[in-house]
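**Q** Quick one, what's the 3D model for this:
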Amino acid sequence: MSGITDLPFRRIVHRMGAGLVIAEMVASKMLAGEQKQTLKRVMGAADIFPYVIQISGRDPVETGEAAKVAADLGADMIDINMGCPARKVVKGLAGSALMKEPDLALDIIESVVGAVGIPVSLKMRLGWDEHRLNAVDIAIRAEQAGIQLFTVHGRTRNQFYKGRADWLAISDVVKAVGVPVIANGDIISFSAVENCLAQSQAHGVMIGRGAQGRPWIVGQYGERLATSTFPATPSLDEKRAIILEHYEDMLSFYGKELGLRNARKHLGWYVDNLFNQRCDALIWRARLCREDLPANVLKSINEMFVVIDGDDEGEVAA
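**A** Predicted coordinates for the structure are as follows:
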């Protein structure tokens, strides 16, 4: 997720048991040009394995060059994004816009696969709209071109994130290819994980927005699938430690000024989760996200937990 799955977020989700984390999507042109800010956005870490970089673009030459840069940076896998519905990305005829141009999509896939000796995966949607549901056709051709893993979001591009993800439709892709397929969309609880896997017959699930403010759930759900036991949700003290660790890591990674700004969205999600989106969340959101000094933010986080600790309704189950 662009602007979200930076190194500090990936580090904490991975430390809490996620099986696979992916760097935020970057434009192939920027990565191929090795722009400083783009290289920072895909930065890996020795304690995170495998190291996966996701690229987006519509020029086969640029995407191939970007793949080479990613491999040179030490990536263990490259993910091609053909699922992003954002207007800015689609306006550039990249992301899910490529599902309207399957021949160009295949040229891009072939360029990336041919440029590197590491596995290449593909993220896509069911199609552009309800009249162009071509995920199966693209998947068949993409597998022949060398794609080794698919992630399918159970919506069309024109749905953005509205309505409900169609997990059953993902099963058509699962049946059509011989490589693993990961299901994505609306994975916000463990019951959603179970229902999604049952309907899609996918080999796993990818959690995106559901992990915002709850970085621990990815590892929790994975452990429950593997062991049939559900690990305890972090206590209030553990959640406070997680948030403080995440915040301080962002300050260290970006520098105090930029780190303070970039952390605000994460703090807002943490607050929403802690207060279960009750009216108190608005007060603490405003307080944490309007502070201009990191020391005051850290102080406010600790004060917020004192309040929550005295309110049994403040903590949610997941």
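**Q** elements contacting the helix or strand of the chain with the lowest mean pLDDT?
**A** In the chain, no helix or strand scores lower on mean pLDDT, DSSP states H and E than helix 279-290, which sits at a mean of 87. Helices and strands touching helix 279-290, by 3 or more C-beta pairs under 8 Å, 6 or more residues apart in numbering; DSSP states H and E, are helix 256-274, helix 294-309. Where you see a C-beta, it was placed from the backbone N, CA and C, and this is true even at glycine.
**Q** Highest mean neighbour count across the ones you listed, which stretch is it?
**A** With neighbours taken as mean count of other C-beta atoms under 10 Å, these reach their highest mean count in helix 256-274, at a mean of 19.
**Q** With only the CA atoms kept, save that one in PDB.
**A** The C-alpha coordinates for helix 256-274 follow below in PDB (Å, rounded to 0.1, in the frame of the first residue of the first chain):
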ATOM      1  CA  LYS A 256      11.900  14.100  13.200                       C
ATOM      2  CA  GLU A 257      10.000  16.500  11.000                       C
ATOM      3  CA  LEU A 258       8.900  14.200   8.200                       C
ATOM      4  CA  GLY A 259       8.600  11.200  10.600                       C
ATOM      5  CA  LEU A 260       6.100  13.200  12.700                       C
ATOM      6  CA  ARG A 261       3.900  14.000   9.700                       C
ATOM      7  CA  ASN A 262       4.100  10.500   8.200                       C
ATOM      8  CA  ALA A 263       3.200   8.900  11.500                       C
ATOM      9  CA  ARG A 264      -0.100  10.800  11.900                       C
ATOM     10  CA  LYS A 265      -2.100   8.400   9.700                       C
ATOM     11  CA  HIS A 266      -0.900   5.400  11.700                       C
ATOM     12  CA  LEU A 267      -1.600   7.100  15.000                       C
ATOM     13  CA  GLY A 268      -5.100   7.900  13.800                       C
ATOM     14  CA  TRP A 269      -5.700   4.200  12.900                       C
ATOM     15  CA  TYR A 270      -4.300   3.100  16.300                       C
ATOM     16  CA  VAL A 271      -6.700   5.500  18.000                       C
ATOM     17  CA  ASP A 272      -9.700   4.300  16.000                       C
ATOM     18  CA  ASN A 273      -8.900   0.700  17.000                       C
ATOM     19  CA  LEU A 274      -8.200   1.400  20.700                       C
END
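**Q** Does it pack against any helices or strands, and if so which?
**A** helix 236-254, helix 279-290, helix 294-309.
**Q** Which positions within the shortest one qualify as buried?
**A** Judged by neighbour count (16 or more other C-beta atoms under 10 Å), helix 279-290 contains these buried residues: 280-281, 284-285, 287-289.
**Q** Can you check what angle separates that helix from helix 256-274?
**A** Using axes from the mean of the first three to the mean of the last three C-alpha atoms, to 10 degrees, one finds that helix 279-290 and helix 256-274 are set 170 degrees apart in direction.
**Q** What is the distance between helix 279-290 and the centre of its chain?
**A** For helix 279-290, the gap between its own C-alpha mean and the chain's C-alpha mean amounts to 25 Å (C-alpha atoms, centre = their mean, to the nearest Å).
**Q** one step back: between the helices and strands packed on helix 279-290, which one is closest to Pro215.
**A** Of all those, it is helix 256-274 that lies closest to Pro215, at 8.9 Å by C-beta to C-beta.
**Q** what sits up against that closest one?
**A** 3-4, 6, 9, 212-214, 239, 243, 246-247, 250-254, 281, 284-285, 288-289, 291-294, 297, 301, 304, 308, 314-316 (C-beta atoms under 8 Å, 6 or more residues apart in numbering).
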